[in-house]
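**Student:** Predicted model follows, preceded by the sequence.
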Amino acid sequence: MAADSEPESEVFEITDFTTASEWERFISKVEEVLNDWKLIGNSVGKPLEKGIFTSGTWEEKSDEISFADFKFSVTHHYLVQESTDKEAKDEVLEDVIPQSMQDLLCMNNDFPPRAHCLVRWYGLREFVVIAPAANNDAVLSESKCNLLLSSVSIALGNTGCQVPLFVQIHHKWRRMYVGECQGPGVRTDFEMVHLRKVPNQYTHLSGLLDIFKSKIGCPLTPLPPVNIAIRFTYVLQDWQQYFWPQQPPDIDALVGGEVGGLEFGKLPFGACEDPISELHLATTWPHLTEGIIVDNDVYSDLDPMQAPHWSVRVRKADNPQCLLGDFVTEFFKICRRKESTDEILGRSTFEEEGREIADITHALSKLTEPAPVPIHKLSVSNMVHTAKKKIRKHRGVEESPLNNDVLNTILLFLFPDAASEKPLDGTSSTDNSNPPLESEEYNLYNQFKSAPSDSLTYKLALCLCMINFYHGGLKGVAHLWQEFVLEMRFRWENNFLIPGLASGPPDLRCCLLHQKLQMLNCCIERKKARDEGRKTSPSDNVTNTYSGDAGKSGDQLGPDNLRETDKDKGEVGKSWDSWSDSEEEFFECLSDTEELKGNGQESGKKGGPKEMASLKPEGRLHQHGKLTLLHNGEPLYIPVTQEPAPMTEDLLEEQSEVLAKLGTSAEGAHLRARMQSACLLSDMESFKAANPGCFLEDFVRWYSPRDYIEEEVVDEKGNMVLKGELSARMKIPSNMWVEAWETAKPIPARRQRRLFDDTREAEKVLHYLAVQKPADLARHLLPCVIHAAVLKVKEEESLENISSVKKIIKQIISHSSKVLHFPNPEDKKLEEIIHQITNVEAIIARARSLKAKFGTEKCEQEEEKEDLERFVSCLLEQPEVLVVGAGRGHAGRIIHKLFVNAQRHVILFKAATMTPAEEELKRMGPPEEKRQNLAADFPPPAGRELILRTAVPRPAPYSRALPQRMYSVLTKEDFRLAGAFSSDTSFF
């Protein structure tokens with residue numbers, strides 16, 4: 001039994017050798033990618049034009065493949081070129097070598113300033129790279145490298161692809177590539193050597209030629225000539241101090257007598273350090289042959305002054321410290337602080353102020369004595385009044401964030417009227433340095449929602465920016481703001497208009513803080529006019545007129561018609577002769593009461609005007625042209641009306657929310673209409689008082705002329721006469737106009753309840769200002785600061801005239817106008833704007849640095865000056881600029897002089913610090929150092945690049961002559977050889 005069961009227990013494993021291995025799958029994936037990208041066959045393009053690697057457009061496309069679980073990225077890099085005709089492609093002979101092999105010998109694009117490293121080393125216009133997908137992955141072992149290279153070779157052979165295919169090996173920072181290119185009967189191997197320390201025999205041309213010849217292994221005895229291209233790069237780091245023109249701002253002079261307070265209205269500009277760190281001079285010998293020059297360990301013909309081509313590039317300092325950028329950035333940081341002014345400065349000064357004046361007798365005396373409070377003389381000492389006392393109580397004089405000199409200077413700058421002995425007239429102070437009105441620069445505040453550049457708000461933003469950076473930081477900002485708020489209250493209580501603000505209602509195109517200050521100014525204007533009216537004998541005469549449309553908010557039926565008033569409507573005046581501070585004011589005196597009872601509380605109804613005809617007209621401004629009342633023929637008079645209440649955007653938003661909450665019901669709509677018709681009702685009452693016996697038609701003819709339709713008709717006698725009637729919308733039963741007219745009483749404007757309670761509104765504004773945290777304040781004023789920064793950048797750019805900067809400034813303005821119009825812009829977007837401004841500042845600083853170094857202003861000849869300015873602008877915008885005339889041109893001579901000065905400085909410094917023993921070692925030093933000392937005008941080259949090219953038959957004398965190329969770069973800590981060696985595979 002056991003013997004029988006033995007064969008059954010054996011298991012036979014069958015290995016299927018037809019299934020693909022991981023290696024074969026990998027090769028298949030590579031072939032699939034090459035086919036997808038249509039890289040099959042020979043694509044012969046046009047010969048490469050000179051400089052096309054820099055000026056042309058490079059594109060790339062990527063895919064991902066894997067070898068087992070190890071992921072690789074495959075990237076196709078190619079120069080975008082016009083596609084050649086298909087017919088021409090079909091005529092291409094089979095034995096033509098691939099395009100990439102032909103590019104190896106092309107000399108039009110040696111040493112491109114900005115390109116992929118493989119483009120620089122091999123001069124290729126198209127290639128594919130296979131590299132580990134993850135940055136920390138690397139192909140390190142030799143067996144894996146060979147496996148990948150074999151995979152590449154098989155994939156190229158199977159697909160017939162003639163594009164070079166490279167594999168990245170070792171760590172990525174080493175930039176090590178091996179690769180292959182295959183064509184019909186030809187193959188090019190791309191090999192590389194990378195060393196940290198260079199052997200001495202390979203530091204010069206003769207040693208590198210030996211490597212190249214030995215690698216080629218040409219069987220021909222007279223070796224074909226080797227074409228040589230050489231580039232030496234010299235680095236200038238020591239610019240000498242006097243070449244940098246930027247002076248740091250004189251902080252002491254900000255408060256000093258010779259500069260004065262106007263310095264606070266200006267933003268600083270420029271880099272604190274030289275924004276150009278290095279100048280790289282590349283001296284190139286593009287076409288040399290082996291026997292023309294000598295370059296070995298003893299002697300060299302390669303004198304940079306004799307190089308036929310010079311090109312220059314500048315290395316920019318990484319993130320140079322720029323004054324304007326720092327100013328705006330530091331101010332922006334305040335937006336993230338959460339402390340209140342009280343927490344920063346200590347106990348609230350506003351509360352103490354309130355306690356001191358809390359005695360009820362003050363309030364009673366105000367009620368019983370209508371005479372205005374005596375106005376104190378405005379001066380700087382008064383401006384720095386109560387807050388200083390309170391701060392001293394809690395912290396002592398030495399602890400005040402701002403000293404008196406700085407604070408007085410700022411307050412005088414903000415409030416220039418405080419220095420004058422004349423009484424204030426409320427005129428806005430303007431600075432001659434500001435751009436003219438209506439100019440593009442001046443109107444930037446509309447786009448940024450900031451404030452006009454000659455306004456108090458704008459100046460306050462600049463002063464807070466300066467204080468934050470130079471004088472006390474956040475505490476200084478809180479201190480100045482506290483003083484500012486107290487100054488606003490002082491001006492309100494003493495009827496002093498705020499300077500630097502446009503008259504009229506708040507401008508909704510400006511920031512909210514500017515609107516609040518304008519609202520406060522409106523309140524001061526009303527209060528001042530009312531107090532001045534009390535001094536004169538009470539009468540109906542107009543003591544103060546204001547232009548503007550009145551009563552526009554009551555029309556719910558057609559807002560478009562509201563603005564179509566008569567020309568004379570623009571002259572409506574307001575009289576504040578006898579208005580008091582109380583909102584709930586009524587006139588119950590006997591004569592007035594009897595008049596109202598006896599003469600027409602029902603004046604709006606039919607028959608009312610007849611009873612009202614005996615009423616004494618009140619509150620007339622002037623006659624309205626030739627218009628007469630329709631029913632009694634009396635002249636129609638324009639009444640003195642109340643001006644509509646000015647509103648800031650937050651009040652408008654609050655009002656719209658209240659109106660929206662009333663809903664869509666009939667009752668809600670009616671209530672909403674009544675709330676919005678307060679101004680209309682006031683104007684109707686004024687009109688009735690000025691025109692006894694008037695009808696609604698008379699009011700409409702003045703207030704909304706388009707709602708009174710006149711037509712020519714033929715009367716009974718056959719004459720053409722004008723007949724008028726109200727428009728259709730005015731005839732709608734129970735519309736708002738009819739209801740308001742019926743309820744309106746003949747009360748002149750001076751005796752009506754005030755539409756605008758300036759006392760209440762002023763207190764609301766002052767409270768709003770007092771509770772603002774420094775962070776809130778910075779948010780409000782940041783648009784003004786960005787506005788000022790953009791104006792400063794535009795001003796500085798106009799002096800330099802850099803075309804690229806003009807484009808960036810336009811982008812900044814466009815970007816800022818979109819971001820700043822939102823109520824609460826995102827911090828990230830604000831940071832982007834500030835970063836763009838800093839970048840522009842750095843570009844302008846670089847331009848000035850280069851102009852100073854090349855001495856463009858010192859040029860006497862206009863032609864040379866223009867050439868130099870063009871050269872400097874190209875240095876800013878292009879990666880590398882050719883020096884016309886090389887070392888013998890005007891720019892070349894200046895560059896040579898810069899190097900000579902730097903070398904002298906180095907030699908003098910070394911001589912001063914060298915010991916005798918070191919001098920002896922220098923004399924006994926290696927020949928390389930002796931050779932370097934011969935060219936004392938220039939330092940040793942920081943980089944030596946050589947390209948050796950030839951076409952020789954390999955591997956046999958009867959093989960086709962194919963391109964051979966070797967690139968070498970030698971720097972202080974790096975040595976690299978990149979070779980492309982072609983061979984004929986027809987018989988091998």
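**Tutor:** Received, thanks. Numbers count the residues shown, from 1 in each chain.

**Student:** Contacts only, for residue 183.
**Tutor:** Going by CB atoms under 8 Å, 6 or more residues apart in numbering, residue 183 touches 42, 97-98, 101, 162. Bear in mind the C-beta positions are built from the backbone N, C-alpha and C, glycine included.

**Student:** quick one: which of these is nearest to residue 27?
**Tutor:** Among the contacts of residue 183, residue 162 lies closest to residue 27 (CB to CB), at 17.7 Å.

**Student:** Any idea how many residues pack against the closest residue to the closest one other than its chain neighbours?
**Tutor:** The spatial neighbour of residue 162 that comes closest, neighbours along the chain excluded (CB to CB, 6 or more residues apart in numbering), is residue 98 at 3.9 Å. Residues lying near residue 98 (other CB atoms under 10 Å) number 22.

**Student:** dump the residue contacts of residue 98.
**Tutor:** So residue 98 contacts 42, 162-163, 181-183, 186 (CB under 8 Å, 6+ apart).

**Student:** what's the most distant pair in these?
**Tutor:** Greatest spatial distance in those: 163 and 186, 14.1 Å, computed using CB to CB.

**Student:** Counting neighbours, go ahead and name the busier of these two.
**Tutor:** residue 163 (26 against 23).

**Student:** doesn't the more buried one fall inside a helix?
**Tutor:** No: secondary structure of residue 163 (DSSP: H, G, I helix; E, B strand; the rest coil): coil, not part of a helix.

**Student:** any idea which of the contacts of residue 183 is least confident?
**Tutor:** Lowest pLDDT within these is found at residue 42 (75).

**Student:** The spatially most central residue of the chain sits in which helix or strand?
**Tutor:** Residue closest to the average C-alpha location in the chain (CA atoms, centre = their mean): residue 833, at 3.2 Å. Using DSSP states H and E, residue 833 sits within helix 827-854.

**Student:** Give me the buried positions along that helix.
**Tutor:** Neighbour-count burial for helix 827-854 flags 830, 833-834, 836-854 (criterion: 16 or more other CB atoms under 10 Å).

**Student:** Might you calculate how far it sits from the centre of the chain?
**Tutor:** Relative to its chain's centre, helix 827-854 lies at 10 Å (CA atoms, centre = their mean, to the nearest Å).

**Student:** Give the other helices and strands that the next helix or strand after it contacts.
**Tutor:** Per DSSP H and E, helix 827-854 leads on to helix 862-877 as the next helix or strand towards the C-terminus. Judged by 3 or more CB pairs under 8 Å, 6 or more residues apart in numbering; DSSP states H and E, helix 862-877 is in contact with strand 309-316, helix 803-820, helix 827-854, strand 881-883, helix 890-913.

**Student:** quick one, helix 862-877 and helix 827-854 angle?
**Tutor:** 140 degrees (axes from the mean of the first three to the mean of the last three CA atoms, to 10 degrees).

**Student:** average model confidence for helix 862-877?
**Tutor:** Averaged across helix 862-877, pLDDT comes to 86.

**Student:** just stretch 184-196 next, same as before
**Tutor:** 93.

**Student:** Can I get it as CSV, trimmed to CA atoms?
**Tutor:** Taking Å, rounded to 0.1, in the frame of the first residue of the first chain, the C-alpha atoms of stretch 184-196 are listed here in CSV:
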residue,chain,number,x,y,z
PRO,A,184,19.9,52.8,-38.4
GLY,A,185,23.3,51.1,-37.9
VAL,A,186,24.6,53.7,-35.4
ARG,A,187,24.5,54.1,-31.6
THR,A,188,25.6,56.8,-29.3
ASP,A,189,26.5,56.1,-25.7
PHE,A,190,26.1,58.9,-23.1
GLU,A,191,28.5,58.5,-20.2
MET,A,192,29.4,60.6,-17.3
VAL,A,193,32.1,61.1,-14.6
HIS,A,194,31.4,63.2,-11.5
LEU,A,195,34.2,63.8,-8.9
ARG,A,196,34.5,66.1,-5.9
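
**Student:** Next, the buried residues of it.
**Tutor:** 186-188, 190, 192.

**Student:** Centre of the chain to it, how far?
**Tutor:** The answer for stretch 184-196 is 48 Å, by CA atoms, centre = their mean.

**Student:** export stretch 832-851 as CSV, just CAs?
**Tutor:** Extracted in CSV, the C-alpha atoms of stretch 832-851 (Å, rounded to 0.1, in the frame of the first residue of the first chain):
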residue,chain,number,x,y,z
GLU,A,832,0.3,88.3,-2.0
ILE,A,833,-0.3,92.0,-2.8
ILE,A,834,2.4,93.1,-0.3
HIS,A,835,4.8,90.5,-1.7
GLN,A,836,4.2,91.9,-5.2
ILE,A,837,5.0,95.4,-4.0
THR,A,838,8.2,94.2,-2.3
ASN,A,839,9.2,92.5,-5.5
VAL,A,840,8.8,95.7,-7.5
GLU,A,841,10.7,97.6,-4.9
ALA,A,842,13.6,95.1,-5.2
ILE,A,843,13.6,95.3,-9.0
ILE,A,844,13.9,99.1,-8.9
ALA,A,845,16.6,98.9,-6.3
ARG,A,846,18.5,96.4,-8.5
ALA,A,847,18.2,98.8,-11.4
ARG,A,848,19.6,101.6,-9.3
SER,A,849,22.4,99.4,-8.0
LEU,A,850,23.5,98.4,-11.5
LYS,A,851,23.2,102.0,-12.8
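
**Student:** average pLDDT across the helix or strand containing residue 654?
**Tutor:** Assigned by DSSP H and E, residue 654 falls within helix 649-661. Mean per-residue pLDDT for helix 649-661: 75.

**Student:** other SSEs contacting that helix?
**Tutor:** By 3+ CB pairs under 8 Å, 6+ apart, helix 649-661 packs against helix 512-535, helix 666-676.

**Student:** Comparing these, which yields the minimum mean pLDDT?
**Tutor:** Minimum mean pLDDT among the helices and strands packed on helix 649-661: helix 666-676, a mean of 67.

**Student:** Check which element follows that one along the chain.
**Tutor:** Next element after helix 666-676 (DSSP H and E): helix 678-690.

**Student:** Give me the domain ranges for this protein.
**Tutor:** 25-81+96-218+954-984, 647-755 (the TED database).

**Student:** residues in contact with residue 275?
**Tutor:** Here residue 275 is in contact with 316-317, 320, 842, 845-846, 849 (CB under 8 Å, 6+ apart).

**Student:** Now with 6 Å, please.
**Tutor:** Residues in contact with residue 275, defined by CB atoms under 6 Å, 6 or more residues apart in numbering, are 317, 320, 842, 845-846, 849.

**Student:** Output those in TSV; the columns should cover pLDDT and distance to residue 745.
**Tutor:** Formatted as TSV, the contacts of residue 275 follow (pLDDT from 0 to 100; distance: CB to CB, whole Å):
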residue	pLDDT	distance to residue 745
317	84	77
320	85	73
842	91	69
845	90	70
846	89	74
849	87	76
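
**Student:** mean pLDDT lowest for which of the domains of the chain?
**Tutor:** It's domain 647-755: among the domains of the chain, that one has the lowest mean pLDDT, namely a mean of 79.

**Student:** to the chain's geometric centre, what's the distance from it?
**Tutor:** In terms of CA atoms, centre = their mean, the centre of domain 647-755 is set 49 Å apart from its chain centre.

**Student:** got the end-to-end distance for that domain?
**Tutor:** Taking CA to CA, to the nearest Å, domain 647-755 runs 12 Å from one end to the other.

**Student:** got it, and stretch 213-233?
**Tutor:** 26 Å.

**Student:** buried set for it?
**Tutor:** 213, 216, 218, 226-233.

**Student:** Helices of the stretch 201-350 of the chain, residue ranges please.
**Tutor:** 205-216, 323-334, 341-345, 349-356 (DSSP state H, counting those that start in this stretch).
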